[in-house]
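curious how this folds, go ahead:
(chains A and B)
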Amino acid sequence: MTPTLSGERYDLAVVGGGVHGATVALFCARAGLRTILFERGSLCREASGVNAGTLTMQMTRVALIPYALQAHAMWASAPEWLGHDVGVVVCDGLSLAFTEGEAELLTYRAGRRREAGAPIELVGPARALEVEPGLSDRVLVAGHCKVDGFANAYLTGLAYRAALIEAGVTLCEQVPVAGVVPDGGGYELDSAAGTVRARRLVLAGGVWLEEMAAWLGLRLPIKVLINQLAVTERIAPVMRTVVGIASGLLSLKQYPHGTVVIGGGWQGRGDRQQGGVELVPDSLIGNMRLACHAIPALRRSRLARAWAGLEAETRDALPAAGPIPGFPDAWICGSVHSGYTSGPFIAKRLADRILERGDPDPLFPIDRLLAPDAGAADPAPVAEAPLS
Amino acid sequence: MPGVAVSAKETRADLIVVGAGPAGASAALAAHRAGLAVVLIDEAGRPGGQVWRAPASGVAIPDALRTQDDRDGAALRAEVAASGLTFVGDARVWSVTGRFRVDAATETGTQAYVAPRLVAATGAHERVVPFPGWTLPGVVGLAAATILLKSEAMLPGRRTVVAGCGPLLAAVAAKIVAAGGTVAALVDLAGPADWMAVAPRLARRPRLLRQGLGWMLRIGLARVPVHFRHAVVAAEGAEAVEHVTIAPVDAEGAPAAGPRHRIAADALAVGHGLVAGAEIPRLLRAALRFDALAGGWIPVLDAAGRTSIEGLYAAGDGAGIAGAAAALLSGRLAGLAAARDAGALAEPAFAGARDRIAAERDAVEAFAGAVRHLMRPRRGLVDAVAPETVVCRCEDVTRAEIDAAVAAGASEVNQLKHFTRCGMGPCQGRFCGDTAAELVARHVGSRAAAGVWTARPPLRPVPLDTLLGDFDYADIPVPKPAPL
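Got it, this is the predicted structure:
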């Protein structure tokens, strides 16, 4: 039974208990704000708990590289600032090209990411094979990055839960919030455990940010990606790095306990109401063929499990992170491409702004993303950067 | 959104039936006779399922091991073969999607079947409540022991302890004796009074009662020591089972006063009832309900076997434990309902058949209820699982780790999976799921609160080699690159 919270007042209310919401709540609570965190399910059980756990620069958007580099360092030192282990392994990463077209794409993309600060160098097949002895001999060229690695995403909730409780956050799991209204110098939250008032508000609802923004009368279109993932049973070591391909449609690594997780964002079926409803068998097979083309020894394993996780994407595929225009002391944080990689640092920067610490980071204000009103059509997509 | 080319060739039908045991085979036959194009798929090479399992090819089953079940199975196989319906054997269903596509891994690669209707008849799996040593080589389930005996004419060991509950105990012990093996002890959670209490209901199926009494006679003649109201508390051995220790229990399986016995044996066949194999309804998100006696979480069905999802039917033990006779009937009914819903069978003809089948089901229900009672989950058995005992054998998760995860905030089974990896291994919780959920329920109040394990493909582990086949890199339908 959830205790009733009616009438309670907080300095900060966070809605959404993924990596973004939990990180903001954690740093604000440690700085002394009386903080409450609402999560309609269990902590970090959506995108933050079911993603591939890859901490790579080679799938990160160029604009996010500076954040991803800092966040990588945070993940690698999680026991120090989070207080708990998320099974992070730091290792080399390779992004592969098997065709001339992929080589061209890789060269362009690695260059752009390098300019943004990611230490990626292009290497030939022989060097790639030294870095990753499990690699196929069909690689033409590879992007090699020393800053790579992976976490055990399913441990995220366990780690954050303990940290939040230690920091004194009022943690409300299985408590949905139905709406938020401004309330004279603060916000009133209509939660399943009663009405709560808070001076500051953070909305961190992942793919559900569109509904949350609508509470305040704002139209923030968020597209939902249904990313398929697969994992093998435990097998003897077949690889020791994070492996991807130029297009970003593969992520592959072997965990210390022996399972190999295969991802890359191949799409399943579902929506934000029902979640990832089902996996597309032909997409699973395509994704696994790509994986075995990169690491041939994988063919000898058995597929143990496959699932889908939701990923939020704004119309320009850049984050919605910053103040909510027109609503003082209200903030939004989410829709970060490869958000698990960069999430902790972006959320920490937002916490710094809320706490008015250091130089304010402009982050990624949502003014650019808001549609004029609920009746209008979605704004036209922002043109993508040229691929080559 | 990536566009995906279809890689598997799709075979179309009016109805797909997954599972060719008594329920699935009779569903397929009924729908086929009503005029539907039916594809019947099973993991085994021939129909029969668990109870009516066919001998492995080339294995001669001695007459002493042949029973009425084997004759019924042979008759069913002959009927399926003569019918002309499409039977796909040695096929491991790994994905079920849409309304409906079934992907099955075979020796020649993965095959896809598509039909607007699907009958899930995937039977049951065994519940084994863990005890120290339950993962040692030489420990097998009662059902696994029957497979060895029926399919391979093989004994589980030279000296076997047969333990657990329900009629399978006597069946396995009698078969071991008949095959020339030694049963070191028969260890029954139930007592003579429990059996007497259900005897009138068992007597409603005279043929099966006679069969059971025949088993008991054979066991008696072989002077097998029988321990009523006892449970296995440990299996020990250096590399494999060498000794089995048993101790007295009460009606709920909790430890009771009395001496323990340490029995020399090189095999232990043990089972504590059956769990309904409702993975397909679970995967497709059909409405479920919890019924401990009927095998846990089972699909909500109407009187004809329709689930909450249009076109999806469930029959046999996978829809609620009731045994082979009931499975034949629920299967036939589901097959007829599919034919009716497809427009191949007129409503009056369907209604008449439905009512006749309902009457037959009533006749077998008393017996099924008695068997369910004997095989019921015992609360005390789960409570007695020691902290250091491994519950999830795929991932080596102990009871203490499960209790600690619940204390750390895992309030339902899927969060438990994240916190501990319990149920994350190749069996996806088929072995440990029931016990782990019971342990969570001890803390959160009920099995409903402890939640339902989310089903994931593949429904059974499949070799990547089988799924992937031969391919050219250029033919992989790689979606368009992610944004930079």
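
quick one: residues contacting the residue nearest to residue B:381 when sequence neighbours are not counted.
Closest residue in space to residue B:381, ignoring its immediate chain neighbours: residue B:253 at 3.5 Å, by CB to CB, 6 or more residues apart in numbering or on different chains. Heads up, the C-betas are built off the backbone N, CA and C, glycines and all. Residue B:253 sits next to B:129, B:189, B:231, B:378-382, B:384 when contact means CB atoms under 8 Å, 6 or more residues apart in numbering or on different chains.

assign residue B:253 to helix, strand or coil.
Secondary structure, DSSP: H, G, I helix; E, B strand; the rest coil: residue B:253 is coil.

what separation do you get for it and residue B:272?
As judged by CB to CB, to the nearest Å, residue B:253 and residue B:272 stand 8 Å apart.

what touches both of those two?
Here residue B:253 and residue B:272 share the contacting residues B:129, B:189, B:378, B:381, scored by CB under 8 Å, 6+ apart.

and those residues, which of them are in strands?
Judged by DSSP state E, the shared contacts of residue B:253 and residue B:272 include no members of strands.

for those residues, give me TSV that also has distance to residue B:480 and neighbour count.
Formatted as TSV, the shared contacts of residue B:253 and residue B:272 follow (distance: CB to CB, whole Å; neighbours: other CB atoms under 10 Å in any protein chain shown):
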residue	distance to residue B:480	neighbour count
B:129	51	27
B:189	60	29
B:378	56	22
B:381	55	25
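
which ones among these are found in helices?
When DSSP state H is applied, the shared contacts of residue B:253 and residue B:272 are split such that residue B:381 fall in helices.

and the average pLDDT for stretch B:368-385 is what?
Mean pLDDT, stretch B:368-385: 95.

could you pull out the buried residues of that stretch?
For stretch B:368-385, burial by neighbour count (16 or more other CB atoms under 10 Å in any protein chain shown) applies to B:368, B:370-378, B:380-382, B:384-385.

and of those residues, the nearest to chain A?
residue B:385 (22.6 Å; CB to the nearest CB).

the closest one contacts residue B:132, correct?
No: contact between residue B:385 and residue B:132 fails when scored by CB atoms under 8 Å: they sit 9.5 Å apart.

nearest residue to residue A:225 other than its sequence neighbours?
Counting by CB to CB, 6+ apart, residue A:225 lies nearest to residue A:311, which is 4.1 Å off, once chain neighbours are set aside.

tell me the contacts of that neighbour?
Contact analysis of residue A:311 by CB under 8 Å, 6+ apart lists A:47, A:51, A:207, A:224-225, A:227, A:265, A:339.

which residue does the stretch 201-350 of chain B have closest to chain A?
Closest point on the stretch 201-350 of chain B to chain A, by CB to the nearest CB, is residue B:285, at 7.4 Å.

closest to residue A:87 out of the shared contacts of residue B:253 and residue B:272?
Using CB to CB, residue B:129 is the member of those that lies nearest residue A:87, at 30.5 Å.

surely the closest one and residue B:380 touch.
No: the criterion here is CB under 8 Å, and residue B:129 misses it with residue B:380 at 9.8 Å.

returning to what we had before: nearest to residue B:462 among the shared contacts of residue B:253 and residue B:272?
Of all the shared contacts of residue B:253 and residue B:272, residue B:462 sits closest to residue B:129, with 28.8 Å by CB to CB.

what's the separation between the closest residue in space to that closest one that isn't next to it in sequence and residue B:270?
In space, not counting the residues next to it along the chain, residue B:129 is nearest to residue B:381; the distance is 4.5 Å by CB to CB, 6+ apart. Distance, residue B:381 to residue B:270, using CB to CB: 11 Å.

ditto for residue B:365
Taking CB to CB, one finds residue B:365 at 28 Å from residue B:270.

between these two, which has more neighbouring residues?
residue B:270 (28 against 18; other CB atoms under 10 Å in any protein chain shown).

so that one is in contact with residue B:160, correct?
No: look at residue B:270 against residue B:160 with CB under 8 Å: they stay out of range, at 10.2 Å.

show me the domain layout of chain B.
For chain B, automatic domain parsing gives the domain ranges B:10-125+B:275-373, B:128-272, B:385-450.

in the stretch 51-200 of chain A, which residue sits nearest chain B?
For the stretch 51-200 of chain A, CB to the nearest CB, closest residue to chain B: residue A:154, 4.0 Å.

mind checking the SS state of that residue?
Put simply, residue A:154 is helix when judged by three-state DSSP.

can you pull the contacts of the closest residue to it other than its chain neighbours?
Distance criterion CB to CB, 6+ apart; nearest residue to residue A:154, sequence neighbours excluded, is residue B:418 at 4.0 Å. By CB under 8 Å, 6+ apart, the residues touching residue B:418 are A:45, A:49, A:154-155, A:157-158, B:410.
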